[in-house]
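**Q** starting from these lines, generate the structure:
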Amino acid sequence: MFFKRMWCAGVLAVLAVGAARAAQGPVQLVVAFPAGGPVDTVGRVLAAQLSKAWHRPVIVENKAGANGNIGAAYVSTAPGDGSVLFLTSVGAVAISPALYKSLPYDPVKGFKPISKIVDNATAFVVNKTNPAVDAADFVKRSLASGGPVPIGSSGVGSIPHLTLEMFADATKANVMHVPYKGAAPVINDLLGNQVSGFFGDVPGLIGLIKSGQLKALGLAAPARLPQLPQVPTLAEQGIAGVQTNNWYGLLAPAATPPALVDKLNADVRAALRTPEVRERLEQLGCQPAPTSPQELAALIASDRQKWSEVIKRKNIHVD
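**A** Coordinates of the predicted model:
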């Protein structure tokens, strides 16, 4: 019995040392999109503040590909010691389950929600030379055109694509979906007038809107944004039922214990209350929006149902 107790004490000591070492090492903040994009930019703002709070480096790791599924799969099986975290948009946890027949991770059991980080409105933008004065006018012009108007998206099943589908259903606009591999190439083609419009996250468009390079015709949001007060919502223009929020949330691997999830949630909330962090995120066009782990879990479940219904109704699939 004595030797058994000594053996158990030794194991616990080894585990304690391992945990202490993990706590001193860097934290990987996995972003499932390329560097320079909106999720990556938000991740770097958050990582810088958490590095200060934790007195350990928080390093953004870009694991891009497959609509966020590669990064999600990596995090879902990572250790639950706080050394690996996942900053994700809606896609990997609320859209991919309906979009793909099989996934390399369990979108429900593979993660522990920590907190929502920001809300992101979706803006409908066109080239600065487009004659439409707002989204309702764009619809009228599309119906009077000789053929379908090409609208780009960042990929099949992306928020820009699904928002377009909702917009087309609500307005009966004469539009054609043109999928791209990411937001950057479709924005470039929109600037060059190769496509006629794009529904995109405001953080990725706000600079181009404010500089006049792109014209914002409406927001798929419940209210106007303080950053773009001149842009009306689609609902204000008589286009009902087209509201999207490509929020970004922080998740931990499935193995993370509840006590650590609560600690991470408290630290993230504190980071988002920091004036310089809030100011920077708002400059990017985001709306800081921390939640409890339970609230984020409920949001994921609600959005999974919402987007699953759209995907099934429109028969959208990628495999």
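
**Q** now the helices for this protein?
**A** With DSSP state H, the ranges of helices along the chain come out as 2-24, 38-54, 69-76, 90, 96-99, 135-144, 159-171, 183-191, 206-210, 258-273, 275-283, 293-313.

**Q** can I get the ones you listed in TSV including mean neighbour count, mean pLDDT and distance to residue 32?
**A** Yep, even glycine has a C-beta here, placed from its N, CA and C like the rest. Putting these into TSV (neighbours: other C-beta atoms under 10 Å; pLDDT from 0 to 100; distance: least, C-beta to C-beta, whole Å) gives the following:
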stretch	mean neighbour count	mean pLDDT	distance to residue 32
helix 2-24	10	44	23
helix 38-54	20	95	8
helix 69-76	22	94	3
helix 90	25	93	12
helix 96-99	20	92	10
helix 135-144	18	97	30
helix 159-171	23	96	14
helix 183-191	19	93	14
helix 206-210	17	96	22
helix 258-273	16	98	18
helix 275-283	14	96	19
helix 293-313	16	96	15
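
**Q** quick one: closest of these to residue 61.
**A** Nearest of the helices of the chain to residue 61, taken as C-beta to C-beta: helix 69-76 at 8.3 Å.

**Q** now the angle from the closest one to helix 38-54?
**A** Put simply, helix 69-76 runs at 20 degrees to helix 38-54, going by axes from the mean of the first three to the mean of the last three C-alpha atoms, to 10 degrees.

**Q** which outside residues touch helix 69-76?
**A** Where contact means C-beta atoms under 8 Å, 6 or more residues apart in numbering, the residues beyond helix 69-76 that reach it are 30-33, 63-65, 84-86, 88, 92-93, 96, 100, 103-107, 110-111, 251-254.

**Q** so which of those residues sit within strands?
**A** In this view, the contacts of helix 69-76 that belong to strands under DSSP state E are 30, 31, 84, 85, 86, 88, 111, 251, 252, 253.

**Q** want to throw those residues into TSV with pLDDT and neighbour count?
**A** Output for the ones in strands among the contacts of helix 69-76, formatted as TSV (pLDDT from 0 to 100; neighbours: other C-beta atoms under 10 Å):
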residue	pLDDT	neighbour count
30	97	23
31	94	27
84	98	20
85	98	25
86	98	29
88	93	26
111	97	26
251	98	28
252	98	24
253	98	22
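
**Q** hang on, residue 308 packs against residue 96?
**A** No - counting by C-beta atoms under 8 Å, residue 308 does not reach residue 96; the two are 10.5 Å apart.
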